[in-house]
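In: Give the three-dimensional model of this entry:
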Amino acid sequence: MSGRPEILYPLFAALDTLAGVGPKTAKTFAQMEVEKPRDLLFTLPYSGIDRRHRASIQGVDLPAVVTVEVEVGRHLPAARTAVSQAGQPSRARKLPSIHSSRSGRRSSAEAAALAITRWVTPAVSG
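Out: Numbering: from 1, shown residues only. So this is what the prediction gives:
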């Protein structure tokens, strides 16, 4: 007896035989040279995003995408902001650079924490 086992027949059928795959999706897969369900088994991902819950951003290997949960304590909306034709504020202020006291350079975790703090922390005057 030669040939493939009958249980493998669906792997060599057309893509549109799969539930949820119509002509439009099959055409998109064809652009990726995926013509049969079998081809999907050999299409490996080239990247991924780790979205596991973390208690802290310390220890994250940067650069990386990190999903964090923040609580904004207070928000002070701008009195009036001029908007350019591109939809962006016409003037942006540069935040001052802050360095660690150890060597004058900050670690990647400190840089990430500082960037997030600057992004989510509203300016509060004393």
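
In: going forward, measure contacts between C-alpha atoms and count neighbours the same way
Out: Fine.

In: Listing request: residues of the protein with sub-threshold pLDDT.
Out: For the chain, residues meeting the criterion pLDDT under 70 lie at 1-2, 80-126.

In: can you rerun that using 90?
Out: Residue ranges of the chain with pLDDT under 90: 1-4, 8-10, 15-21, 32-33, 40-72, 75-126.

In: so where do the helices sit in it?
Out: Along the chain, counting by DSSP state H, helices occupy 23-31, 37-41, 108-120.

In: and Val60, how many residues sit next to it?
Out: Residues lying near Val60 (other CA atoms under 10 Å) number 14.

In: now Asp61
Out: By other CA under 10 Å, 11 other residues sit near Asp61.

In: For it, give its distance to Lys27.
Out: Taking CA to CA, to the nearest Å as the measure, Asp61 falls 38 Å from Lys27.

In: What of Arg52?
Out: For Arg52, the distance to Lys27 equals 34 Å [CA to CA].
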